[in-house]
Structures are given as C-alpha cells and as structure tokens.
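[1] Give me coordinates for this.
(chains A and B)
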Amino acid sequence: KQEVTQIPAALSVPEGENLVLNCSFTDSAIYNLQWFRQDPGKGLTSLLLIQSSQREQTSGRLNASLDKSSGRSTLYIAASQPGDSATYLCAVGAPRNAGNMLTFGGGTRLMVKP
Amino acid sequence: NAGVTQTPKFQVLKTGQSMTLQCAQDMNHNSMYWYRQDPGMGLRLIYYSASEGTTDKGEVPNGYNVSRLNKREFSLRLESAAPSQTSVYFCASRPARGVWETQYFGPGTRLLVL
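    Model (predicted):
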C-alpha cells in the first residue's frame, strides 16, 4: 500500500527566505507526483505536476523535483511571501483499476511572516 | 465554467440522520471522486467513478454510498451519520483521457455530526 509522508508538518519563516518542503513515498511504481496548495476553508489548487519520467517542474518561484528511485520529492519556494502562507499537499498518482489514483500526504502548513 | 461545485457548504447532523452531498462538474470530465479530509491529515479516497455508470470503493468506503447520476453529477450519501464522519468532504473530477492529468477539486462540504 502506498504511503506518503510530508515533513515538516508545520513551518514558519520570515518573508524573503527560500524554503524546501519534503515529500516521501513508499512505492516507486507511480504515474506522477503533484503538489497542491490549500488555503484555509478552501479546496485544493494544483501547483505542479511531475510525470514519472521527469525530474523536475518549475512555475514562477516554485520548483518541484522528483527522485522516483529514492521515493522523494521536494518543493522549493524561492523568496517566500506572506501570500505563500497555506497548506501544501503532496499527492502520488499510481495505477489502480486502469485509473490514476491519488494518495495524499498529511501536508505541510506554511506560515510566512512579514 | 463553474468547475466543480458542491452543495451544501456546511451541514450539521445528529447521529443517525441521513443526508446526501451533491457534486457537479461542467468540464465534461469522465472520472469523479469523493474524498474526506480530517484535521492534520491528507485526503483519503472514499469512492470514485471512473466513468459514467461505474463506481468503485476507495480507501475508506464504510458508512457511505454513491451514485453517478449522469456524467456531470456524483453524489455521496450517508445513510446513518456517525460522529466519526465529522470531516470535510471534497469532490474532484478528471478528464481521464490519460494518466498524466491532474484532478480538479471543489470547495468542500464541512460536515459536523453531533
């Protein structure tokens, strides 16, 4: 059974810092890995999706890497801003019944202080 | 496009009561999903529908039933609510043309069972 772990569970940094969020998974037989953002009381917004054949994806100040063999992914946020404060969820997509099923980690709650 | 919509936004039930959570998507997606999110945890899959006319159990299906009413709508029913079903419920959909796709999430339904 696929298990996804995110460390740390919570993180507080001053504005302007570069930071790294970590995600690990137990089964390397995956289709892809996604990072989502969740604001309090809201749904999930997809930030980056890395296919299993890719090593990284970038969007603006965000960079996500994937090392399938070691079961790890990192989300790098450059020059953090207060607006980045949210919970970040990592999800692994894996085959099940001919579909792409997501298994989520518990999330990292990020607070960026002005 | 409204994307994925969920009703109601918030509901309070007494133990033993029943209710149906509604989900609709206007993106002509084939696959739809129901998740629950408990405090400090990631999302866990309750049921999914890979295509119109099919439904399948996810990780935590006990106490729930689903109906894929048509391509747009996927409802989740609690026949006899229990306090353990207090959670935030998210519906999601996916085009399902290929395994590389992300899922699109609704804003969630917050359910409190007393």
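[2] Return the set of residues that bridge with the residue positioned nearest the centre of chain B.
    The geometric centre of chain B, computed from its C-alpha atoms, lies nearest to residue B:34 (C-alpha atoms, centre = their mean), at 2.7 Å. For residue B:34, the beta-bridge partners are residue B:47, residue B:91 (DSSP bridges).
[3] Ok, residue A:21 next?
    In this structure, residue A:21 has beta-bridge partners residue A:75, where bridges are defined by DSSP bridges.
[4] Distance check, the residue lying closest to residue A:39 once chain neighbours are set aside against residue B:61.
    The spatially closest residue to residue A:39, leaving aside those adjacent along the chain, is residue A:86, at 5.1 Å (C-beta to C-beta, 6 or more residues apart in numbering or on different chains). C-beta: built from backbone N, CA, C; applies to glycine. When distance is defined by C-beta to C-beta, to the nearest Å, residue A:86 is 29 Å away from residue B:61.
[5] got it, and residue A:50?
    Separation of residue A:50 from residue B:61 (C-beta to C-beta) stands at 29 Å.
[6] Give me the more crowded residue out of the two.
    When residue A:50 and residue B:61 are compared for neighbours, residue A:50 comes out ahead with 20 against 16, by other C-beta atoms under 10 Å in any protein chain shown.
[7] okay, the closest residue to the more buried one other than its chain neighbours: pLDDT?
    Nearest non-adjacent residue to residue A:50, counting by C-beta to C-beta, 6+ apart: residue A:66, 4.5 Å away. At residue A:66, the pLDDT value in this model is 97.
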